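In: Mind looking at a prediction? Sequence and model below.
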Amino acid sequence: MTAAIIDGKAFAEELRARVADAVPGFAAAAGRAPGLAVVLVGEDPASSVYVRSKGKATTAAGMLSLEHRLPASATENELLEVVRLLNADPQVDGILVQLPLPAHIDEAAVIAAIDPAKDVDGFHVVNAGKLAVGDRSGMVPCTPLGCLMLLKEQRGDLSGLDAVVIGRSNIVGKPMAQLLLAESCTVTIAHSRTRALSDVVRRADIVVAAVGRPEMVKGSWLREGAVVIDVGINRVAGAEPGKTRLVGDVDFADAMGHVGAITPVPGGVGPMTIAVLLRNTLVAAHLRQG
Ligand code: GUN
């Protein structure tokens with residue numbers, strides 16, 4: 001069987017174009033563009049790259065992009081003060097505090113301080129709770145929502161399918177499981193303590209891998225025809241000395257001989273996250289504007 005490669009990059013470009021098309025309508029009615037504020041604490045190189053690309057994408061969609069950079073030495077109170085100012089700023093519809101934060105700052109306290117209506121990451125307990133009880137008025141985390149969009153594009157109706165989510169983080173695994181449950185999948189959440197993981201994965205029509213272990217999921221673990229969404233982005237040593245390459249949590253080449261469809265790394269889930277962030281910002285702007 002030849003697997004279909006799910007083109008997340010193309011889907012993300014379409015979504016970004018749809019959001020950009022809808023921005024002028026909002027701006028005409030509201031008298032302002034939707035605004036997204038991104039807060040970065042410290043100079044972690046990977047986080048700096050993400051923050052810069054989020055800013056560029058926001059501007060390219062016709063939205064207002066605000067960036068707040070604090071030094072790694074910033075205190076929790078200083079960060080909370082920035083969040084309070086952004087909560088009160090009428091130009092700001094979405095607030096994203098880039099994670100991870102330096103170890104001396106309590107991430108949960110910072111997330112709790114964000115106005116849930118501006119929490120475009122969907123990490124606030126109010127938004128996590130709304131997702132859990134099926135209240136669609138909340139903000140949904142960007143990466144799992146992007147995964148769901150790709151799955152529905154590929155498989156259509158997901159009702160009754162067996163889904164295995166590998167990983168139980170608050171950012172991906174848990175919200176992903178909630179979204180699949182809401183689509184009437186039979187959902188299993190597997191994690192580092194799961195016994196006989198390969199047997200659990202082999203039952204699945206849908207596999208979402210979000211564990212952060214390079215190429216951990218092997219082709220022989222996958223049911224023939226399964227749809228695989230690979231959230232992992234792992235940098236490993238390349239073929240040439242000194243070179244690196246990006247791989248997912250799934251052994252892509254091995255999986256290709258088994259699955260029905262799979263997202264590549266890079267070019268699968270990654271581009272969807274920013275596209276959904278823009279979508280969430282526009283949704284938040286509409287909800288706030290009434
Ligand atoms: N760090 C890695 N992924 C994310 C994300 O989706 N949101 C935020 N705020 N930080 C991240």
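Out: Perfect, thanks for sending it. Predicted model, so just to flag it, every value in this text is computed and none were measured. Numbering: from 1, shown residues only.
In: show me the contacts for whichever residue of the chain sits closest to the ligand.
Out: For the chain and the ligand, the shortest gap (Cβ to the nearest ligand atom) falls at residue 99, measuring 3.7 Å. (C-beta placed from N, C-alpha, C; glycine too.) If a contact means Cβ atoms under 8 Å, 6 or more residues apart in numbering, then residue 99 has 107, 171 as its contacts.
In: can you check residue 159 too?
Out: 183, 184, 185.
In: Repeat that for residue 9.
Out: 267, 268, 271.
In: ok, and the most crowded of the residues you listed?
Out: Using other Cβ atoms under 10 Å as the neighbour criterion, residue 268 leads the contacts of residue 9 with 29 neighbours.
In: Do I have it right that that one meets residue 232?
Out: No: contact criterion Cβ atoms under 8 Å: residue 268 and residue 232 do not qualify, at 9.8 Å.
In: So for those two, which residues contact both of them?
Out: Common neighbours of residue 268 and residue 232 (Cβ under 8 Å, 6+ apart) are residue 248.
In: In terms of helices and strands, where is the residue of the chain closest to the ligand?
Out: Using DSSP states H and E, residue 99 falls within no helix or strand.
In: Over to residue 57?
Out: helix 45-60.
In: From the rest of the structure, what touches the helix or strand just after that helix?
Out: Proceeding N to C from helix 45-60, the next assigned helix or strand is strand 64-70, under DSSP H and E. Contacts to strand 64-70, defined as Cβ under 8 Å, 6+ apart, come from residues 32-42, 51, 54-56, 58-59, 78-79, 82, 86, 91-92.
In: ok so, going back, if any of the contacts of residue 159 are buried, give me the ChimeraX selection for them.
Out: Here is the ChimeraX command that selects the buried residues among the contacts of residue 159 (16 or more other Cβ atoms under 10 Å):
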select :183,185
